[in-house]
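Trainee: okay, structure incoming, though there's no sequence with it:
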C-alpha cells in the first residue's frame, strides 16, 4: 500500500489470529493474520496514513497490493459519511464497530484494512484450532515451514496470538 507515514501501533484493539492459509501453490503456503472474531486474540493494530487522498483510490491501492480480486475485499469505515464496508460488516461486525469507535477519536477521515476471512476450514476440511494449525504447519516441506515460521515470528511484537505462542513453544530451537 502506498503510505505517507510509518506504521505506528496506535490502531484499535482487534481479534487477530494466523488463521488464513495464504500463498501461491502448495510450495508457498503459510498461515497469515486476519481479523478472526471466533479464534482471534485481542491485539493492538498498526496504522499508517495512505498517500492516496481519496478513499476509493486508497481501497484500490490496498486491493492491488494484497492481490484481491475485488475492491470489496478492502474493509473500510468512512468517518465523514458513516458508511462501512458491507463485506467487513458481514465478516467481522464487532471489529467494524471497534474501528468505528476508534476512528471517532482520531483525525482520520476513514480507515481501511484487508477484510479477508479465515479460510482454514474451507481448505483443510476442519475448523481452525491450534492443534489443526500446528498440524498444517508440521505438514509443510522443510523449506516452506521455514518461510511460514519466519512470517509468524516477524509479525509485530505486540501481535501475540494463541497460535504464535504455540509455534514458539513447538519450534523454538528450529530455524525459521
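Mentor: Structure received. Computed from a predicted model, the values in this text were never measured in an experiment. Numbers count the residues shown, from 1 in each chain.

Trainee: return the residues in contact with the most centrally placed residue in the chain.
Mentor: Against the mean C-alpha coordinate of the chain, by Cα atoms, centre = their mean, the closest residue is residue 34 at 3.0 Å. By Cβ atoms under 8 Å, 6 or more residues apart in numbering, the residues touching residue 34 are 16, 17, 19, 20, 40, 114, 116, 117, 118. In short, each C-beta sits where N, CA and C put it, glycine included.

Trainee: likewise for residue 136?
Mentor: With contacts defined as Cβ under 8 Å, 6+ apart, residue 136 is in contact with 21, 31, 120, 124.

Trainee: Serialize the contacts of residue 34 to JSON lines and add fields for distance to residue 135 and pLDDT.
Mentor: Listed next are those as JSON lines, based on distance: Cβ to Cβ, whole Å; pLDDT from 0 to 100:
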{"residue": "16", "distance to residue 135": "21", "pLDDT": "97"}
{"residue": "17", "distance to residue 135": "16", "pLDDT": "98"}
{"residue": "19", "distance to residue 135": "14", "pLDDT": "97"}
{"residue": "20", "distance to residue 135": "16", "pLDDT": "95"}
{"residue": "40", "distance to residue 135": "20", "pLDDT": "97"}
{"residue": "114", "distance to residue 135": "26", "pLDDT": "88"}
{"residue": "116", "distance to residue 135": "22", "pLDDT": "89"}
{"residue": "117", "distance to residue 135": "21", "pLDDT": "89"}
{"residue": "118", "distance to residue 135": "16", "pLDDT": "94"}
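
Trainee: this protein: strands as residue ranges?
Mentor: With DSSP state E as the criterion, the chain has strands at 13-22, 30-35, 41-44, 74-78, 110-114.
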